[in-house]
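In: After the sequence you'll find the predicted model.
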Amino acid sequence: MEQSLIHQIGDQMYQALVNRTTIAPLTTTYPEITIEDAYQISLRMLENRLAAGEKIIGKKIGVTSKAVMNLLGVYQPDFGFMTDAMRFDGEMPISKTLIQPKAEGELAFILKKNLSGPGVTNADVLAATEAVVPCFEVVDSRIENWKIKIQDTVADNASCGLFTINESAAIDPRKLDLATVGMVVEKNGRVISTGAGAAALASPVNCVAWLANTLGKFGITLNAGDVILSGSLVPLEPVVPGDVMTVRVGGVGNCTINFS
Amino acid sequence: MNTTLDQATIEKLAEHVENAELERREILKITDDYPNMTFMDATKIQWEIRKRKLARGDKLVGLKMGLTSWAKIAQMGVEKPCYGFLMDYFSEADGGKIDFDSYIHPKVEAEIAFVTNKDLRGRDLTIEDVLDATELVVPAVEIIDSRYKDFKFDLISVMADNSSSRGFVVGSHCAGPRDFDWSTLGVVMEKNGEIVELGAGAAVLDHPAASVAMLADMLADVDEYIPAGTFVMTGGITAAVLMERGDSINVRYQGLGSVGMKFV
């Protein structure tokens, strides 16, 4: 894709985000679009957000579970950027900010050291991790009816929406087996799904290493202080205002969010 | 609870279903021939099978719950859990080789098991009551082996068939009843080195101890209870995975090591 088209689409995606509208799948409008094009579009969309005053506070990995990989027919993850405008704790105003939100339970890593790929190993990830916290990511799509292929979600900042973490449940990674850690998600008081760390690329530590190494190719570092969302451990759950969801993480703690 | 079968029919069906297990062959589900039989009829058939085994000199070594997870209930299309008993010859070694030919069509599922230290009796037991009566908790893998062709059954048929019981493997790393929150304990199952199933304890009736309480409740239907010292398997956290000869299974439990076996 020409640079000018990438900018045009990136700007269009940003307008869709701000106006809470959807657009046709990019893979329908531009059948030739590559994953590389899509990353460039997402970076253009991000430029718009930063120009509007948002600050990057973290990164995310997406497409880490077998279920989502099968859905998209793509067997590699993708990435996105998290800004300060995306974080809400306690109450999340989805009716004012999101289009077609779905919640997923995750673990988030809070870093105390920079991680610059390539060459980042799982040992580097563990040594750079200040704490692991329970997290809900609420993903959303600017693509109509979530009709996404991998290029569509990559261009859309990995279908980012909002997120919440419970920092009071932060735990040192030395106290946890991140591959077997269990997760239970409750919606309005009922258990709706369970999972374990291995649901995301066999271990959330693999996910953070992949993210550091992949972003390294773009000259981007995972920074000390960043919140890294390491991928869903459970199926995605559509949410509407009024829903209350709790994620319980074995040996860690809980995170609850009220959707308004 | 009402019954429709006379004692002679119960004994006949117990022999029919048990022989299928002993001879390792599939049969059609018994409700095909007895469409009006009830859950209590099925319960009586199961207890008759238990009596037959005890009379033969086999030792009772535990109890199990089955169809306790939302995953299993969806997989099998049944409406509520069931229970069964475990005999000494069901026990397989942790890390050991399992004779594939001693089963019909084995499936494995990851579970959490309790060993009790007080009698558990009655209908209104809570999770706390169960934990108060628990000596230890241990990871375990159940090897189910329904005698019904292609695992096609209904709740009544499976109850009569000792809830598909045939084997189990107990892990080597136990814990006290309050060392972990059993509802959030994570479990990851690998088959031949690849992750195939995972979940957390709450997949079993929201808490594995709730499954023990439900067992006591179901036993009360026949004026029975869970005696102190009983090993109770609480039901699969994961869906059941079909085994073939040569398959290896390794299940990792959060904080409780792993349980492994190979079918040869």
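Out: Good, I have the coordinates. As the structure is a prediction and not an experimental result, all values here were calculated from the model.
In: Ignoring the adjacent residues along the chain, who's closest to residue A:251?
Out: In this structure, residue A:251 finds its nearest non-sequential neighbour in residue A:176, 5.8 Å apart by CB to CB, 6 or more residues apart in numbering or on different chains. Every C-beta, even on glycine, is put in place using the N, C-alpha and C of the backbone.
In: Would you check that my belief about that neighbour contacting residue A:205 is correct?
Out: No - the pair residue A:176 / residue A:205 is not scored as a contact, 10.4 Å apart, by CB atoms under 8 Å.
In: so who does residue B:80 touch?
Out: The contact partners of residue B:80, by CB atoms under 8 Å, 6 or more residues apart in numbering or on different chains, come to B:67, B:155.
In: Report the separation between it and chain A.
Out: Distance, residue B:80 to chain A, using CB to the nearest CB, to the nearest Å: 17 Å.
In: Return the residues of the stretch 151-264 of chain B in contact with chain A.
Out: B:180-181, B:183-188, B:195, B:198-203, B:206, B:237, B:252-255 (CB under 8 Å from any CB of the partner chain).
In: Among these, name the ones in strands.
Out: Counted as lying in strands by DSSP state E, out of those, are B:186-188, B:195, B:198-200, B:252-253.
In: Any stretches of chain B with poor pLDDT?
Out: Applying pLDDT under 70 to chain B flags the ranges B:71.
In: Just the buried residues of the residues of the stretch 151-264 of chain B next to chain A.
Out: Buried residues within these, counting neighbours by 16 or more other CB atoms under 10 Å in any protein chain shown: B:180-181, B:183-188, B:195, B:198-203, B:206, B:237, B:252-255.
In: What count of nearby residues applies to residue 162?
Out: Looking at chain A here, since you left the chain open. Residue A:162 has 23 neighbouring residues, counting by other CB atoms under 10 Å in any protein chain shown.
In: hm, I was asking about chain B
Out: 29.
In: Provide the backbone phi and psi angles at it.
Out: Backbone torsions for residue B:162, taken as degrees, to the nearest 10, come to phi 50, psi 40.
In: Just confirm it contacts residue B:47, I think it does.
Out: No - here residue B:162 lies out of contact with residue B:47, judged by CB under 8 Å, at a distance of 9.7 Å.
In: Between residue A:176 and residue A:205, point out the one with more neighbours.
Out: residue A:205 (25 against 20).
In: On the pLDDT front, check that one for me.
Out: For residue A:205, the pLDDT comes out at 98.
In: For residue B:46, identify the helix or strand it belongs to.
Out: Using DSSP states H and E, residue B:46 falls within helix B:39-55.
In: Give me the contact list for that helix.
Out: Residues contacting helix B:39-55 (CB under 8 Å, 6+ apart): B:1-5, B:10-11, B:13-15, B:17-18, B:30, B:34, B:60, B:84-85, B:87, B:155-157, B:159-163, B:221-222.
In: Which SSE is immediately downstream of it?
Out: strand B:60-66.
In: what angle sits between that following strand and helix B:39-55?
Out: Interaxial angle of strand B:60-66 relative to helix B:39-55 (axes from the mean of the first three to the mean of the last three CA atoms, to 10 degrees): 160 degrees.
In: give me the element residue 17 is part of.
Out: As the question left the chain open, I've gone with chain A. Using DSSP H and E, residue A:17 sits in helix A:3-19.
In: switch to chain B, that's the one I care about
Out: Of the helices and strands defined by DSSP H and E, residue B:17 is found in helix B:7-22.
In: Now do that helix: which elements does it pack against?
Out: Applying 3 or more CB pairs under 8 Å, 6 or more residues apart in numbering or on different chains; DSSP states H and E, one finds that helix B:7-22 makes contact with helix B:39-55, helix B:155-160.
In: Which among those helices is found nearest to residue A:180?
Out: Across those, residue A:180 has its closest neighbour in helix B:155-160 (30.1 Å, CB to CB).
In: which outside residues touch that closest one?
Out: Outside helix B:155-160, the residues within contact range by CB under 8 Å, 6+ apart are B:13-14, B:17, B:29-31, B:37-39, B:41-43, B:45-46, B:66-67, B:76, B:78-80, B:82-83, B:146, B:148, B:164.
In: Show the buried residues in the residues you listed.
Out: Among the contacts of helix B:155-160, the ones that count as buried by 16+ other CB under 10 Å are B:13-14, B:17, B:29-31, B:37-39, B:41-43, B:45-46, B:66-67, B:76, B:78, B:82-83, B:146, B:148, B:164.
In: Let's have the helices and strands packed on helix B:7-22 in CSV, adding distance to residue A:26.
Out: As requested, these are exported to CSV (distance: least, CB to CB, whole Å):
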stretch, distance to residue A:26
helix B:39-55, 55
helix B:155-160, 49
